[in-house]
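Visitor: How does the following fold in three dimensions:
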Amino acid sequence: MTYYLLKPCRTATAFISTLKKPRRFPLEDAAARLKAAGFGVADLKVMLVVENDPELTFYESGKILVKTDDEAAARSAIDRVYDVLGLPARIEGTAAA
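Guide: Numbers count the residues shown, from 1 in each chain. Below you'll find the predicted structure:
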């Protein structure tokens, strides 16, 4: 079981990750942790744009929008960000259509 749900975005070429268990991440703290881990981060006050390959957008709710049509690349990028923010490693899972 995974700690997040991953599904294709309906309006963009992207994948959306939503945490199964509600949690809040203060964006200033998340930005500081991501920057310390070497990510480029643009703090837009309501979301963080994380310069990564692929680029992603991180929200206070823990939701992540990954700009790619490659599920494996999306999952890898999401796992890296959640790892930096202290979430446990995922065990398994697939995208929900």
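
Visitor: List of residues touching the lengthiest helix in the chain?
Guide: When secondary structure is assigned using DSSP state H, the longest helix within the chain turns out to be helix 71-84. Outside helix 71-84, the residues that touch it by C-beta atoms under 8 Å, 6 or more residues apart in numbering are 3-4, 6, 14-15, 17, 33-34, 37, 39, 50, 52-54, 56, 58, 62, 64, 66, 68, 89-90, 95. For the C-beta atoms, the positions are set from N, CA and C on the backbone; glycine is no exception.

Visitor: Among these, the buried ones, what's the PyMOL command?
Guide: Selecting in PyMOL just the buried members of those, where the criterion is 16 or more other C-beta atoms under 10 Å, is done with this command:
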select buried, resi 3+4+6+14+15+17+33+34+39+50+52+54+56+58+62+64+66+68+90
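
Visitor: Surely Pro8 and Phe15 touch.
Guide: Yes: under the criterion of C-beta atoms under 8 Å, Pro8 makes contact with Phe15 at 5.9 Å.

Visitor: would you list every one of the helices in the protein?
Guide: Along the chain, the stretches classed as helices by DSSP H are 27-36, 71-84.

Visitor: which strands and helices sit next to the first one?
Guide: The one in question is helix 27-36. Counting contacts by 3 or more C-beta pairs under 8 Å, 6 or more residues apart in numbering; DSSP states H and E, helix 27-36 packs against strand 40-43, strand 47-51, strand 56-59, helix 71-84.

Visitor: is the residue most central in space within the chain in a bridge, and if so with what?
Guide: Central residue check for the chain by C-alpha atoms, centre = their mean: the C-alpha nearest the mean position is that of Ile64, 3.5 Å away. Legend: beta-bridge partners of Ile64 under DSSP bridges are Ser17, Phe58.
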